[in-house]
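S.K.: one predicted model, sequence on top.
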Amino acid sequence: MKRLLQIEWLKLKHYRPFWILVGLYSVLIILVVSSIHPLFAFLSSKGANFQGIDLTIIPFYDFPDIWQNISFLSKFFKVFLAFIVIISVSTEISNKTLRQGIIDGMSKKDWLSAKLVLIGSLSLGGGLLLFCGGLITGFIHSHPDGYGLILYNVQFLLAYVLEVFTYLSFALLITLIVRRTGLVMVGLLMYTFAFEPFIWVFLAHPPDNFNFPAWTAIIGDHLPVMSLNSLIRVPYQKYALREYQDYVAIKDVVVVIAWLVFYIGTSYWILKRRDL
Amino acid sequence: MTVLSTQNLTKKYSRLTALDQLNFEIEEGMVFGLLGPNGSGKTTTLGMLLGVLQPTSGTYQWFQKAPSADSRKQIGAILETPCFYPYMTALQNLKVVAAIKECGTDNIDNTLKTVGLYERRNDPFKTYSLGMKQRLAIGAALLANPPVLILDEPTNGLDPQGIVEIRELVIQIARSGKTIIFASHLLDEVQKVCTDFMVLRKGKKLFQGNVKAALSDQRTVEVGASDLEALQRCLADFSGVQKLEIKDQKCLLTVLPEITTTHISTHLFDNKIVLNHLVEKEGSLEKQFLKILAEQ
């Protein structure tokens, strides 16, 4: 494990696109944990409100709500980490360094494990950044009553790490299949933010002339990206005093882990069979 | 010790059989030439032996054990083109190789000096010429000081000077007692470097043998004199001659291994024939190769 991490580190530490993407992701996470209150204040000064509530009184960064609030927002930026995985895998294929690595003495399992170690490091790094940022911003903004509940609901950060890990494994599998950096990047973006949401809406609320049975909506809920989205549910209705899911459901975790096993298993199967 | 053996190694691509039931063995210390025209299955064979191609059927063993990633750490190999991270320097690339081979980084500077890249070690790989890339690939293969080296067309695309450099390097490495597998379609190359060779064509093994033995079969002596007829008559009486041909106003002799030009010259001198030409010619693998192909 240490050897595999070292190999990945040696490959990436001199690679500029890696650092650009890490930087971009980190900046966005830092914005998530620092900019919401100033943003609310600004919007409020322009006369905006949230369903009649003054934005400046929304306790966005209060313990323990902060964990669900910031991890929900941060999930949109996991694509930048996925880009790192896509570039790392596709350049190894196009430069034939994957092939050379096998020749030099890695097994295909080693190679895949090294990529999973990279994915794990990125996911944990993301989770850790969010945790530290959340702690700092929480202590600055939280009502002192929340201090006793700092670590309550940290489950959302664990769910965040699982979500990123699974999404990056999904990106790994797609890259192994498609092998073209640009195509996979654009494709993943389109799929995540356009195709799958569209399919989900279509299955959940079909137009009147489609007579879909009820279970099609269930399929929609279990598509790769939608399953991930189910882990951390939208928390913001609470500020309009509406119901929301304030926990991570075991069932959702199980679905995500099933997808994860599928991604890793299929990646290994493809790699094992393929002539390099 | 047997370094490598294969049993019925076969690779099929849908309709094409790239390699058909290959059986061969390589002993420790051999410099083994893998010969054959382009597309004869040389790279396919090496690809399977190095774990990047899946054999359709058949098996092979490195160091008399089932192949594994660990056995590949004992092998330094280049297969076709040099493959490195283009944005990284020679030094950084070799560090990756060292981490994969778990051989430590102490040998990197020496290796870079051996292949003449030490001065350029901090330049990115993508700025290298083809010859430098090829030399770095050889350096990477040598890095872990492996007992076995596999060099697939190592002089491909090099200029004449580069070819000589690589050849010298291979000879030097071979002297250190390493086993080398050397794939090439350049027969001259193999003749200069190898102890043993195997000929492949269309995925089938045509021949396997010792280079010296193959060449000694081919030794000829050219003899010329102003009186060609007298020369021919006199040589026909000489007991060491196995075969006599006339070509370009000269006698072409195939002689027993113990017969030297001194014997021939003495015999003719005793018979009062004055020579104007006497040359001993080593055989060439090229001739042998063409003969093998023709025999099929």
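M.R.: All right, it came through fine. Numbering: from 1, shown residues only, chains lettered A, B, ... in the order given.
S.K.: grab the nearest non-local neighbour of residue 222.
M.R.: All of this refers to chain A. Once flanking residues are discounted, A:His222 sits nearest to A:Val255: 6.0 Å by Cβ to Cβ, 6 or more residues apart in numbering or on different chains. Where C-beta positions appear, they are placed from N, C-alpha and C, glycine not excepted.
S.K.: could you do chain B instead?
M.R.: Excluding the flanking residues, the one nearest B:Glu222 by Cβ to Cβ, 6+ apart is B:Val279, at 4.6 Å.
S.K.: quick one: strands adjacent to the helix or strand that neighbour falls within?
M.R.: According to DSSP states H and E, B:Val279 maps onto strand B:275-281. Here strand B:275-281 has these sheet partners by DSSP bridges: strand B:220-225 (antiparallel).
S.K.: quick check: residues of chain A near chain B?
M.R.: When proximity is defined as Cβ under 8 Å from any Cβ of the partner chain, chain A approaches chain B at A:3, A:6-7, A:10-11, A:14-16, A:91, A:95-97, A:99-107, A:110, A:273, A:275-276.
S.K.: and the residues you listed, which are buried?
M.R.: Neighbour-count burial (16 or more other Cβ atoms under 10 Å in any protein chain shown) applied to these gives A:6-7, A:10-11, A:15, A:91, A:95-97, A:99-107, A:110, A:276.
S.K.: let's see which of these end up in helices.
M.R.: A:6-7, A:10-11, A:91, A:97, A:99-104, A:110 (DSSP state H).
S.K.: and those as a markdown table, adding pLDDT?
M.R.: Below are those laid out as a markdown table (pLDDT from 0 to 100):
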| residue | pLDDT |
| --- | --- |
| A:Gln6 | 94 |
| A:Ile7 | 95 |
| A:Leu10 | 95 |
| A:Lys11 | 94 |
| A:Thr91 | 94 |
| A:Thr97 | 95 |
| A:Arg99 | 94 |
| A:Gln100 | 94 |
| A:Gly101 | 94 |
| A:Ile102 | 95 |
| A:Ile103 | 94 |
| A:Asp104 | 93 |
| A:Asp110 | 94 |
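S.K.: mind picking the two most distant members of those?
M.R.: A:Gln6 and A:Arg99 (20.5 Å; Cβ to Cβ).
S.K.: what about stretch A:184-191, average pLDDT?
M.R.: With pLDDT averaged residue by residue, stretch A:184-191 scores 95.
S.K.: now it: buried residues?
M.R.: A:184-185, A:187-188, A:191.
S.K.: farthest pair within the residues you listed?
M.R.: A:Met185 and A:Tyr191 (10.9 Å).
S.K.: remind me which residues of the chain are low pLDDT?
M.R.: Looking at chain A here, since you left the chain open. For chain A, no stretch has pLDDT under 70.
S.K.: wait, I meant chain B there
M.R.: Looking along chain B with the criterion set at pLDDT under 70, you get B:217-218, B:296.
S.K.: can you list the residues of it near chain A?
M.R.: For chain B, the residues in contact with chain A (Cβ under 8 Å from any Cβ) are B:47, B:50-54, B:68-70, B:72-73, B:75, B:77, B:79, B:81, B:83-89, B:92, B:95-97, B:99-102, B:140.
S.K.: of the residues you listed, select the buried ones using a PyMOL command.
M.R.: Selection of buried members from these for PyMOL, criterion 16+ other Cβ under 10 Å:
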select buried, chain B and resi 47+50+51+52+53+69+72+73+75+77+79+81+83+84+85+87+88+89+92+95+96+97+99+100+101+140
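S.K.: any idea how far the strand holding B:Val279 is from the middle of the chain?
M.R.: Relative to its parent chain, strand B:275-281 has a centroid offset of 30 Å by Cα atoms, centre = their mean, to the nearest Å.
S.K.: what's it in contact with?
M.R.: Outside of strand B:275-281, the residues within contact range by Cβ atoms under 8 Å, 6 or more residues apart in numbering or on different chains are B:219-226, B:250, B:260-261, B:264-265, B:268.
S.K.: again, but for stretch B:184-196
M.R.: Identification of contacts with stretch B:184-196 by Cβ under 8 Å, 6+ apart yields B:26, B:30-38, B:42, B:153-155, B:163, B:167, B:170-171, B:174, B:182, B:197, B:208-212, B:215, B:284-286, B:289.
S.K.: which residue is nearest the centroid of chain A?
M.R.: Closest to where the C-alpha atoms of chain A average out (Cα atoms, centre = their mean) is A:Val164, at 3.4 Å.
S.K.: tell me where the stretch 51-200 of chain B has helices.
M.R.: Ranges of helices within the stretch 51-200 of chain B are B:69-73, B:90-101, B:108-114, B:130-142, B:160-175, B:187-193, based on DSSP state H, counting those that start in this stretch.
S.K.: ditto for the stretch 51-200 of chain A
M.R.: A:65-74, A:78-94, A:97-104, A:108-141, A:155-178, A:181-190, A:196-204.
S.K.: can you tell me the SS state at the most far-flung residue of chain A relative to its centre?
M.R.: The outermost residue of chain A, judged against the average C-alpha position, is A:Asn209 (35.7 Å), by Cα atoms, centre = their mean. Classification of A:Asn209 using DSSP: H, G, I helix; E, B strand; the rest coil returns coil.
S.K.: what does the one 4 residues further on give?
M.R.: The local conformation at A:Pro213, judged by three-state DSSP, is coil.
S.K.: how many other residues sit next to it?
M.R.: By the measure other Cβ atoms under 10 Å in any protein chain shown, the count of residues near A:Pro213 is 7.
S.K.: same thing with A:Phe42?
M.R.: Quick note: A:Phe42 (other Cβ under 10 Å) scores 13 neighbours.
S.K.: also B:Ser5?
M.R.: The local packing of B:Ser5 (other Cβ under 10 Å) involves 16 other residues.
S.K.: now swap in A:Arg233 and tell me
M.R.: By other Cβ under 10 Å, the residues close to A:Arg233 number 17.
S.K.: find the nearest non-adjacent residue to it, please.
M.R.: Distance criterion Cβ to Cβ, 6+ apart; nearest residue to A:Arg233, sequence neighbours excluded, is A:Gln245 at 4.2 Å.
S.K.: you'd agree the one you found is in a strand?
M.R.: No - A:Gln245: not assigned to a strand; according to three-state DSSP it is coil.
S.K.: residues in contact with residue 56?
M.R.: Using chain A. A:Thr56 sits in contact with A:37, A:40-41, A:44, where contact means Cβ under 8 Å, 6+ apart.
S.K.: wrong one, I was asking about chain B
M.R.: Counting by Cβ under 8 Å, 6+ apart, B:Thr56 touches B:10-12.
S.K.: next: A:Asn49.
M.R.: Residues counted as contacts of A:Asn49 (Cβ under 8 Å, 6+ apart) are A:Leu55.
S.K.: and it, how close does it get to B:Val279?
M.R.: Applying Cβ to Cβ, to the nearest Å, the value for A:Asn49 to B:Val279 is 105 Å.
S.K.: A:His205: neighbour count?
M.R.: A:His205, neighbours per other Cβ under 10 Å, totals 11.
S.K.: could you do B:Thr105 as well?
M.R.: 13.
S.K.: ok, it to B:Leu112 distance?
M.R.: 11 Å.
S.K.: also B:Leu4?
M.R.: For B:Leu4 relative to B:Leu112 (Cβ to Cβ), the value is 29 Å.
S.K.: again with B:Val190
M.R.: Distance from B:Val190 to B:Leu112, by Cβ to Cβ: 28 Å.
S.K.: one more: A:Tyr244?
M.R.: Distance, A:Tyr244 to B:Leu112, by Cβ to Cβ: 61 Å.
S.K.: who has more neighbours, these two?
M.R.: Comparing A:Tyr244 with B:Leu112 by other Cβ under 10 Å, the one with more neighbours is B:Leu112, at 21 against 13.
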